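**Q** Any chance you can model this:
(one chain, ligands or ions: 2)
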Amino acid sequence: MSQRVKIKALLQSQQTDIDVTVKGWVRAFRSNRFIALNDGSTNNNIQIVVDFENTDPALLKRITVGAALSVAGKLVASQGKGQNVEVIATDIEILGDSDPEKYPIQPKKHSLEFLRENAHLRFRTSTFGAIFRVRNSLAFAVHQFFQERGFVYLHTPVITASDAEGAGETFHVTNFDLDDIPKTDTGEIDFKQDFFGRPTNLTVSGQLEGELGAMALSDVYTFGPTFRAENSNTTRHLAEFWMIEPEVAFNSLDDNMDLAEEMLKYVIKYALDKNADDIEFLTERLAEEEKQKPQNERSEMTLLEKLQFCLTHDFERLTYTEAIEILKESPPNKKKKFQYPIEGWGTDLQSEHERYLVEKHFKKPVILTDYPKEIKAFYMRQNDDGKTVGAMDILFPGIGEIIGGSAREERLDKLEQRMDEMNIPKDELWWYLDTRRFGSCPHAGFGLGFERLVLFVTGMGNIRDVIPFPRFPKNAEF
Ligand code: ATP
Ligand code: MN
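**A** Residues are numbered from 1 along each chain as shown. Ligands and ions are numbered 1, 2, ... in the order given. Below is the predicted model:
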């Protein structure tokens with residue numbers, strides 16, 4: 001038997017009339033004659049032509065949707081429509097039977113909800129095959145982007161004792177017997193007896209440790225899992241998600257914006273080049289989905305157009321204060337259409353506001369800067385006006401916030417003062433403050449939520465569909 005060839009390579013083969021072996025899973029079997037076989041190397045199936053008159057009927061019966069096959073045969077130019085080449089089978093081996101009665105993934109359209117409940121098998125659909133190949137390319141492109149620029153990939157800890165943002169939405173890490181938690185004399189949990197001798201949690205961000213690396217290696221990035229126990233059942237939040245966090249010594253807020261914009265464009269372009277077939281498939285999928293919507297809610301651009309638009313246009317940059325002015329005067333605000341009306345300066349923007357700016361007002365990605373210090377984290381660099389900090393959020397159409405970042409407060413006195421004001425324990429973060437004591441310097445960084453990026457590039461509507469096994473409230477299946 002000849003060596004196995006992946007279906008992607010077969011479909012691109014310039015040679016025909018050669019002996020080949022393909023392995024994969026049956027997507028469909030028509031007329032006891034045509035097998036659509038897929039091995040995940042591409043969204044396209046190879047057609048296997050079965051000589052049913054000379055094939056054992058018992059074997060034919062076992063060629064069912066979902067079964068794993070090894071097929072030896074001849075690659076020939078296809079007579080039929082829809083493919084250039086096909087394989088005339090000479091030898092079919094069933095590697096793994098399926099059960100057509102019970103196999104959940106039938107050759108028909110399944111709802112995304114149904115497939116989420118069958119996440120262990122959803123990779124075998126065209127949609128999820130495309131999504132996870134695109135996700136893979138985006139991850140690789142992130143590394144390539146930073147590596148080309150001399151960044152050091154830093155592995156920051158998953159278990160930490162600090163709650164970086166002070167948001168408090170963390171998962172505890174303990175090895176206590178939960179039925180018998182040691183207490184102190186005063187009745188409090190005795191963390192001294194816990195594994196780490198102190199309260200610990202899963203990280204919500206690698207930034208603080210990333211900054212420590214940047215203060216010696218200059219340019220670093222993290223790319224790892226982060227965890228948030230926020231009870232937000234939205235289409236944009238997960239309890240476990242992947243974050244990319246570059247941190248760059250000597251960078252200003254402007255440099256930070258340039259880096260973020262350049263990175264987003266680079267990785268989107270990479271996926272467009274590398275996954276043209278998948279993105280074409282996802283573009284058609286989205287177009288079908290859009291047809292279900294009322295005319296006035298349909299997107300003006302296809303997925304492919306949206307991605308190309310993003311590459312060829314500068315992101316709009318404006319301050320929070322300017323954005324508030326636009327929002328105050330906006331038709332939905334005046335007509336009281338916002339759930340959270342914009343009354344004045346100082347309130348946090350809700351996703352309805354972010355999406356108005358991006359989708360209706362500017363119609364392109366937007367970078368908002370210089371937010372009120374009250375609504376941002378303690379480490380953001382304080383501006384001279386005494387009211388705002390050097391923050392930057394990048395907002396994307398259909399997504400809202402995709403990146404949150406800032407210039408970091410490098411001045412020890414200013415940082416300590418802000419920590420006091422916000423009740424951030426300075427003694428616990430002594431190591432962070434040390435960077436400001438010994439050779440501090442201006443620096444900046446940001447966090448990109450990887451799944452939000454994958455959402456944008458795949459045109460999917462729910463973040464639970466762009467990570468293999470989503471974690472969200474009341475769900476940790478698989
Ligand atoms: P949001 O306001 O959307 O909850 P955030 O302000 O909490 O976001 P940051 O703490 O700045 O977000 O985190 C950096 C990035 O991580 C965000 O821009 C977003 O892309 C992503 N992100 C944040 N929370 C989640 C989550 N629960 N699930 C997936 N991605 C997230
Ligand atoms: Mn949040």
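**Q** give me every residue that touches the residue nearest to residue 141 when sequence neighbours are not counted.
**A** Nearest residue to residue 141 in three dimensions, chain neighbours excluded: residue 270, at 3.6 Å (CB to CB, 6 or more residues apart in numbering). Heads up, the C-betas are built off the backbone N, CA and C, glycines and all. Shown in contact with residue 270 (CB atoms under 8 Å, 6 or more residues apart in numbering): 137-138, 140-141, 144.
**Q** again with residue 19
**A** Contacts of residue 19 (CB under 8 Å, 6+ apart): 2, 72-75.
**Q** who's in contact with the lowest-mean-pLDDT helix or strand in the chain?
**A** The least trusted helix or strand in the chain, going by mean pLDDT, DSSP states H and E, turns out to be helix 351-355, with a mean of 92. Residues from elsewhere that reach helix 351-355 (CB under 8 Å, 6+ apart): 236, 323, 327, 332, 338-340, 342, 366, 393, 395, 397-398, 400-401.
**Q** change it to 10 Å
**A** 234, 236, 323-324, 326-327, 330, 332-333, 337-342, 347, 349, 361, 366, 368, 393, 395-401 (CB atoms under 10 Å, 6 or more residues apart in numbering).
**Q** Same question for stretch 416-435.
**A** Taking CB under 10 Å, 6+ apart as the rule, stretch 416-435 contacts 161-166, 198, 208-209, 211-212, 214-216, 373-374, 377-382, 389, 408-412, 415, 436-437, 440-441, 443.
**Q** if you look at the residues you listed, which of them are in helices?
**A** 208-209, 211-212, 214-216, 412, 415, 436-437 (DSSP state H).
**Q** Those into TSV, with extra columns for distance to ligand 1?
**A** TSV is the format used below for the ones in helices among the contacts of stretch 416-435 (distance: CB to the nearest ligand atom, whole Å):
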residue	distance to ligand 1
208	13
209	15
211	15
212	19
214	17
215	21
216	24
412	24
415	19
436	22
437	26
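**Q** And the strands in the stretch 351-478 of the chain?
**A** In the stretch 351-478 of the chain, strands defined by DSSP state E, counting those that start in this stretch lie at 366-372, 388-396, 400-407, 443-449, listed in chain order.
**Q** So for residue 80, which of the ones you listed sits nearest?
**A** strand 388-396 (41.8 Å; CB to CB).
**Q** Go ahead and measure how far that closest one is from the middle of the chain.
**A** Computed by CA atoms, centre = their mean, to the nearest Å, the separation of strand 388-396 from the middle of its chain amounts to 20 Å.
**Q** Next: stretch 145-152.
**A** 20 Å.
**Q** What's the end-to-end length of it?
**A** 11 Å (CA to CA, to the nearest Å).
**Q** May I see the buried residues of it?
**A** Neighbour counts over stretch 145-152 (16 or more other CB atoms under 10 Å) mark 145-146, 151 as buried.
**Q** Kindly report the same for stretch 16-31.
**A** 20-27, 29.
**Q** hang on, the earlier thing: may I see the strands of the stretch 351-478 of the chain organised as a markdown table, with mean pLDDT added?
**A** As requested, the strands of the stretch 351-478 of the chain are exported to a markdown table (pLDDT from 0 to 100):
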| stretch | mean pLDDT |
| --- | --- |
| strand 366-372 | 98 |
| strand 388-396 | 98 |
| strand 400-407 | 96 |
| strand 443-449 | 98 |
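**Q** Of the ones you listed, which is nearest residue 115?
**A** Here strand 443-449 is closest among the strands of the stretch 351-478 of the chain (CB to CB), at 22.4 Å.
**Q** Pairing partners for that closest one, with directions?
**A** Using DSSP bridges, strand 443-449 pairs in its sheet with strand 240-249 (antiparallel), strand 400-407 (antiparallel).
**Q** the inter-axis angle of the shortest one versus strand 388-396?
**A** The one in question is strand 400-407. 150 degrees (axes from the mean of the first three to the mean of the last three CA atoms, to 10 degrees).
**Q** Of the contacts of residue 270, which belong to helices?
**A** 137-138, 140-141, 144.
**Q** Quick one: buried ones out of those?
**A** Using 16+ other CB under 10 Å, the buried ones in the ones in helices among the contacts of residue 270 are 137-138, 141.
**Q** which one among those residues gets closest to residue 478?
**A** Among those, and counting by CB to CB, the member closest to residue 478 is residue 138, at 22.0 Å.
**Q** Which one of the buried ones among the ones in helices among the contacts of residue 270 is nearest to residue 50?
**A** residue 137 (34.2 Å).
**Q** where along this protein do the helices fall?
**A** 7-11, 57-62, 112-117, 126-148, 207-217, 253-274, 276-291, 303-312, 320-328, 331-334, 351-355, 412-421, 430-437, 450-458.
**Q** Comparing those, which yields the minimum mean pLDDT?
**A** Of all the helices of the chain, the minimum mean pLDDT falls on helix 351-355 (a mean of 92).
**Q** what's the burial count for the nearest residue to residue 176 once chain neighbours are set aside?
**A** Of all residues not flanking residue 176 in the chain, residue 194 sits nearest, at 5.8 Å (CB to CB, 6+ apart). Number of residues near residue 194 (other CB atoms under 10 Å) recorded here: 18.
**Q** Which ones, among the contacts of helix 351-355, also lie beside ligand 1?
**A** Among the contacts of helix 351-355, the ones lying near ligand 1 by CB under 6 Å from any ligand atom are residue 401.
**Q** Type out the ChimeraX command that picks the buried ones from the contacts of helix 351-355.
**A** Applying 16+ other CB under 10 Å to the contacts of helix 351-355, the buried members can be selected in ChimeraX as follows:
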select :236,323,324,326,327,330,332,333,338,342,349,366,368,393,395,396,397,398,399,400,401
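**Q** Distance to ligand 1 for the contacts of residue 270 - can I get that in TSV?
**A** Output for the contacts of residue 270, formatted as TSV (distance: CB to the nearest ligand atom, whole Å):
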residue	distance to ligand 1
137	19
138	13
140	19
141	17
144	20
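**Q** sorry, back to before: tell me which of the strands paired with strand 443-449 sits nearest to residue 287.
**A** strand 400-407 (22.6 Å).
**Q** residues in contact with residue 373?
**A** Contacts of residue 373 (CB under 10 Å, 6+ apart): 380-383, 385-391, 418, 421-422.
**Q** Over to residue 210?
**A** Contacts of residue 210 (CB under 10 Å, 6+ apart): 154, 156, 217, 220-222, 245-248, 443, 445, 447.
**Q** Go through these and single out the one with the most neighbours.
**A** Going by other CB under 10 Å, residue 247 tops the contacts of residue 210 with 32 neighbours.
**Q** Quick check: bridge partners of that one?
**A** With DSSP bridges as the rule, residue 247 is bridged to residue 220, residue 445.
**Q** That one contacts residue 441, doesn't it?
**A** No. Counting by CB atoms under 10 Å, residue 247 does not reach residue 441; the two are 12.0 Å apart.
**Q** shared neighbours of these two, anything?
**A** Counting by CB under 10 Å, 6+ apart, the contacts common to residue 247 and residue 441 are 214-215, 218, 408.
**Q** For the strands paired with strand 443-449, give me TSV that also has distance to residue 16.
**A** Shown next, in TSV, are the strands paired with strand 443-449 (distance: least, CB to CB, whole Å):
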stretch	distance to residue 16
strand 240-249	42
strand 400-407	46
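**Q** In PDB, could you pull the C-alpha coordinates for stretch 417-434?
**A** Extracted as PDB, the C-alpha positions of stretch 417-434 are listed here (Å, rounded to 0.1, in the frame of the first residue of the first chain):
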ATOM      1  CA  GLN A 417      -0.400  57.200  46.000                       C
ATOM      2  CA  ARG A 418      -2.800  55.600  43.500                       C
ATOM      3  CA  MET A 419      -2.500  52.300  45.300                       C
ATOM      4  CA  ASP A 420      -3.400  53.900  48.600                       C
ATOM      5  CA  GLU A 421      -6.400  55.700  47.000                       C
ATOM      6  CA  MET A 422      -7.600  52.400  45.600                       C
ATOM      7  CA  ASN A 423      -6.800  50.200  48.600                       C
ATOM      8  CA  ILE A 424      -4.400  48.000  46.700                       C
ATOM      9  CA  PRO A 425      -2.100  46.300  49.300                       C
ATOM     10  CA  LYS A 426       1.400  47.700  48.700                       C
ATOM     11  CA  ASP A 427       3.000  45.100  50.900                       C
ATOM     12  CA  GLU A 428       1.700  42.300  48.800                       C
ATOM     13  CA  LEU A 429       3.000  43.900  45.700                       C
ATOM     14  CA  TRP A 430       6.400  44.800  47.000                       C
ATOM     15  CA  TRP A 431       8.100  43.000  44.100                       C
ATOM     16  CA  TYR A 432       6.100  45.000  41.600                       C
ATOM     17  CA  LEU A 433       7.000  48.300  43.400                       C
ATOM     18  CA  ASP A 434      10.700  47.200  43.400                       C
END
